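>>> what follows is a predicted structure for the sequence shown.
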Amino acid sequence: MKSIILFSLSLSLIVAGSAFAAAPPSGRTFNSLAAQPQASPPNFQKLSKAPAVKPAAAAPDFSKLNRAIAKPAAKPTPDAAAVAEAKIETTAAAVEPTTDTAPAKVAQADLELVGVTQLDVGDAEDLIGPKYRVTIRNNTAVAVTDQFEVTLLASNDDQLSDDLPWNSKWVRGIEAGQTLAVDIRLPFTAMEMNAEAEGDDAAFKFLLIQIDSDENIEETSKENNGGAVERKDVPAAESVASR
């Protein structure tokens with residue numbers, strides 16, 4: 001009888017142990033987690049892309065400022081003048097010569113240097129050169145519609161050279177018979193052309209003036225387009241309208 005009781009007790013313990021082993025502990029689960037979809041790696045292509053390169057700005061053309069300023073050349077021959085005449089807007093259409101009629105003459109303007117006066121002496125402390133007013137006139141009944149250049153140069157004599165301090169201003173044309181005032185300031189280097197001297201004696205001695213210094217206008221004469229005057233002889237400017 002005792003053996004039967006012990007056998008029953010052992011069997012109960014075995015059944016209870018098997019049930020405990022089969023059941024998971026309370027509050028826990030051993031089910032494997034569902035696989036999460038793997039996130040795609042970030043795309044750094046946009047960040048690493050090189051920025052677009054802007055086209056480089058065109059370098060300014062300083063060739064005109066560096067050119068030598070010379071006296072007007074002799075009038076070209078008719079063949080050489082063909083290109084220059086094409087620039088003049090007021091030039092009439094060419095007339096084909098015939099055995100009965102002579103070629104038509106094209107009316108030309110005549111720019112004249114009337115005079116020059118001084119507006120101010122500049123400022124040595126701020127390295128500002130003197131300012132002048134050049135008065136010019138169109139001596140003909142032909143309007144000049146092309147622009148042209150008026151140039152001032154500082155020199156120690158009355159001769160032109162390519163190393164003189166200078167400045168210029170463009171004039172946008174001039175009516176027939178019109179008189180204009182053109183204001184131009186020289187660079188301060190004009191006031192230091194005689195380094196061995198001091199004060200006012202260090203400045204240039206002559207003021208040189210040229211009208212149409214770029215040779216853009218066809219004229220009846222170039223003889224009255226320029227001149228030279230001693231700096232000490234340039235009078236102070238009167239109150240006239242400038243352009």
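Nice, thanks for sending it over.
>>> which SS class is residue 191?
Residue 191 falls in the helix class when you classify it by DSSP: H, G, I helix; E, B strand; the rest coil.
>>> now the helices for the protein?
Assignment of helices within the chain using DSSP state H yields the ranges 2-22, 45-48, 81-85.
>>> residue 142 and residue 153: what is the separation?
28 Å (Cβ to Cβ, to the nearest Å). C-beta coordinates here come from the backbone N, C-alpha and C atoms, glycine included.
>>> same deal with residue 165?
7 Å.
>>> what about residue 160, how many neighbours?
18 (other Cβ atoms under 10 Å).
>>> my guess is it contacts residue 208. True?
Yes: Residue 160 lies in contact with residue 208 (Cβ atoms under 8 Å); the separation is 6.3 Å.
>>> on that earlier part again, residue 165 and residue 153: which is more packed in?
residue 153 (23 against 18).
>>> which residues are in contact with that one?
Taking Cβ atoms under 8 Å, 6 or more residues apart in numbering, we find residue 153 in contact with 69, 160, 164-166, 207-210.
>>> let me see the contact set for residue 161.
Contacts of residue 161 (Cβ under 8 Å, 6+ apart): residue 155.
>>> one more: residue 120?
So residue 120 contacts 130-131 (Cβ under 8 Å, 6+ apart).
>>> next one: it from residue 109, what distance?
In terms of Cβ to Cβ, residue 120 sits 31 Å off from residue 109.
>>> also residue 200?
39 Å.
>>> please identify which of those two sits among more neighbours.
residue 109 (25 against 11).
>>> residue 192 and residue 137, how far apart?
33 Å.
>>> is it true that residue 211 touches residue 137?
No: using Cβ under 8 Å, residue 211 is not in contact with residue 137; the gap is 9.7 Å.
>>> what is in contact with those two at once?
111-112.
>>> can you check the pLDDT for the closest residue to residue 107 other than its chain neighbours?
Nearest residue to residue 107 in three dimensions, chain neighbours excluded: residue 142, at 4.8 Å (Cβ to Cβ, 6 or more residues apart in numbering). Looking at residue 142, its pLDDT reads 95.
>>> low-confidence ranges in this structure?
Along the chain, the parts satisfying pLDDT under 70 run over 1-106, 238-243.
>>> again, only this time at 80
The chain contains residues with pLDDT under 80 at 1-107, 238-243.
>>> so which residues of it form strands?
111-120, 131-138, 148-155, 166-171, 179-185, 206-211, 226-230 (DSSP state E).
>>> any chance of CSV for those, columns distance to residue 196?
Output for the strands of the chain, formatted as CSV (distance: least, Cβ to Cβ, whole Å):
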stretch, distance to residue 196
strand 111-120, 25
strand 131-138, 25
strand 148-155, 17
strand 166-171, 22
strand 179-185, 25
strand 206-211, 18
strand 226-230, 20
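>>> out of these, flag the one nearest residue 237.
strand 111-120 (3.7 Å; Cβ to Cβ).
>>> can you pull the buried residues of the closest one?
Neighbour-count burial for strand 111-120 flags 111-113, 115-116, 118-119 (criterion: 16 or more other Cβ atoms under 10 Å).
>>> what of stretch 196-204?
Buried residues in stretch 196-204 (16+ other Cβ under 10 Å): 203-204.
>>> can I get that stretch as PDB, trimmed to CA atoms?
C-alpha atoms of stretch 196-204 as PDB (Å, rounded to 0.1, in the frame of the first residue of the first chain):
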ATOM      1  CA  GLU A 196      62.100 118.300 -57.900                       C
ATOM      2  CA  ALA A 197      59.900 121.400 -57.300                       C
ATOM      3  CA  GLU A 198      57.500 122.100 -54.500                       C
ATOM      4  CA  GLY A 199      53.900 123.400 -54.200                       C
ATOM      5  CA  ASP A 200      52.400 124.900 -57.300                       C
ATOM      6  CA  ASP A 201      55.800 124.700 -59.200                       C
ATOM      7  CA  ALA A 202      55.500 120.900 -59.200                       C
ATOM      8  CA  ALA A 203      52.400 121.000 -61.400                       C
ATOM      9  CA  PHE A 204      52.300 120.800 -65.200                       C
END
